[in-house]
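Chemist: sequence? don't have it. structure:
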């Protein structure tokens, strides 16, 4: 089987990064949401809103930058409904997230109906000098489209802001102990709204990656369940942007291998490869929980899923 | 200075809650109407069509009953677990696994056994399969406290891939023009229908189960244990209830009922296994259970309502060329509106003077 050369490895790496990038954006969005204490099960729907918006803007105005910005804002705006319902109206976050998923998926399907069958030109590759000539990883990481580089930038910024700035500390405290944040004079509501909005921006960009890079067309349910993988990846990554990057590429590799193994004729059922990321997530989630049970230390934001009402005990 | 505060109600009465739910549904319909107008469809005409062509025709009622059959079961499945504050988001996957088990029986023994043997065997195997699918999240929840929302959710995707494996692989109908479908089931492996209509007896399964579960919850020891633990897990623990065992039982029974929904859908309506046998019925079950607050009469009512959303959505596809996504859109809006207004049921608005 001569398909298994170094070239196969490199091409798989490249594909893993490509498949992993939308997951990475969406996972980072989820990390920001959940660090502030808000679970978002509507990621899949928001990605679809982002994907459709990016496609329509690119088709009509032929500007990739505009498409990405519009996708981010559209997704962030729709995510505000979730914020309104579960932060202001104090509804259950799980139920609200499911509602968001249904609503946003439906919205994208309704308005995307007339765009099925059209296509756009996908984003080109921009080689980064020197770095792209690093053996193996150079081509996978530094010979990609600009959104891949932007995702690196986002990982770094989110990492820095979350763990090394006052804003990040405040945000995390609204997810860990909102009553403490409140007693220090921080507005839990404002931080949580902001987190949902910024998370929505990133999730929208993750969605935009589909038409702009991966497919160049729009169909119903274009993101095909990747948003749900992102929900799982947030946990897989222990709510950390750095681990989100590793997780996203690992899952990207699982997705990429499905296609690549078939391409070179390896007899592994694609349907079992499809299951792999989900099984892996269940295993990791179990191990993480067991570790928590033994050590009593959890990276999970303590007030995740709990709506905050001033002066009310939970 | 005047300001508005929310004061928590001690109890929310059934009427208050039902009132707000109905108001929410009305608001969702209004917003939906506006969206219909945006995509150049006259909302009055569209809603009128649903009344005329669904509620006022016999085939409309047949469609409703066909949709009610699986929805009632997934609604009951989710609500049962929710009684113990367990979220079974995996009803969708359990439904697929139940359908897979029933299909296995139908394809292998459909021509060699009678209906009287096949149907009970399919029911039992589908329920066992659904229960086993729920067993994994159940054990993880009971013994390691692994979040069941995520595990049941992820199991859905594994289930759907497993079904894909069979219908793209060993079970694919050689005469199916390469479509990923199994061959049509033998007559003996199809659920009996009511006379000439396509409505099958599967619609009764959910109704019978609602009665049984209501009885078990109210009148039996285990039902009391479930209610106590659901109301207050600590009280359950201190009164010596074996919570681990209870979690496993309740999630497995929930999975079994969702599995039965899959059996009902393939043997009663589809008559073969294919992709997308469920249009998200498992997830709709979550909405139904939420709206009904797990109450049996509520489950019946909201299942009927959600079935109308599905049949109405399909009608709009035919009459106005609107996409299937309308169904998701309406489900999302209804749940959003209900959740958004819930605060008025849980809290009282108070205007205070300082």
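Modeler: In hand now; what should we look at? Here the structure is a predicted model, which means the values were calculated and not measured.
Chemist: which parts of the stretch 1-150 of chain B sit against chain A?
Modeler: For the stretch 1-150 of chain B, the contact set with chain A under Cβ under 8 Å from any Cβ of the partner chain comprises B:6, B:8, B:35, B:39, B:87, B:89, B:136, B:140, B:144-147, B:149-150. C-beta here means a position set from N, CA and C on the backbone, and glycine is covered the same way.
Chemist: what's near enough to touch the residue in the stretch 101-250 of chain A that chain B sits nearest to?
Modeler: Residue of the stretch 101-250 of chain A nearest chain B, by Cβ to the nearest Cβ: residue A:109 (2.2 Å). Applying Cβ atoms under 8 Å, 6 or more residues apart in numbering or on different chains, we find residue A:109 in contact with A:48, A:220-221, B:323-326, B:328-329.
Chemist: can you give me phi and psi for residue B:4?
Modeler: With angles defined as degrees, to the nearest 10, residue B:4 sits at phi -100, psi 130.
Chemist: What is the three-state secondary structure of the closest residue to it other than its chain neighbours?
Modeler: Distances taken as Cβ to Cβ, 6 or more residues apart in numbering or on different chains put residue B:351 closest to residue B:4, at 5.5 Å, once the chain neighbours are dropped. When classified by DSSP: H, G, I helix; E, B strand; the rest coil, residue B:351 comes out as strand.
Chemist: What score does residue B:351 have for pLDDT?
Modeler: With respect to pLDDT, residue B:351 scores 77.
Chemist: Residue B:342 versus that one, what's the distance?
Modeler: Note on residue B:351: its distance to residue B:342, by Cβ to Cβ, to the nearest Å, is 21 Å.
Chemist: which SSE is residue B:7 in?
Modeler: Assessed by DSSP states H and E, residue B:7 sits inside strand B:2-8.
Chemist: measure stretch A:116-129 end to end?
Modeler: 38 Å (Cα to Cα, to the nearest Å).
Chemist: circling back: same drill for residue B:351 and residue B:342, tell me which one is more crowded.
Modeler: Using other Cβ atoms under 10 Å in any protein chain shown, the more surrounded residue of residue B:351 and residue B:342 is residue B:342, with 22 against 8.
Chemist: three-state assignment of residue B:197?
Modeler: Secondary structure assignment for residue B:197 (three-state DSSP): coil.
Chemist: Helices of chain A, start to end?
Modeler: A:6-35, A:43-61, A:64-83, A:93-112, A:137-142, A:146-164, A:166-176, A:178-183, A:188-209, A:226-236, A:241-263, A:270-295 (DSSP state H).
Chemist: neighbours around whatever residue of the stretch 201-350 of chain B ends up closest to chain A, how many?
Modeler: Of all residues in the stretch 201-350 of chain B, the one sitting closest to chain A is residue B:325 (2.2 Å; Cβ to the nearest Cβ). Residues near residue B:325, counting by other Cβ under 10 Å, number 23.
Chemist: Quickly note the distance from the residue lying closest to it once chain neighbours are set aside to residue A:158.
Modeler: Spatial nearest neighbour of residue B:325, chain neighbours left out: residue A:109 (2.2 Å); criterion: Cβ to Cβ, 6+ apart. Separation of residue A:109 from residue A:158 (Cβ to Cβ): 31 Å.
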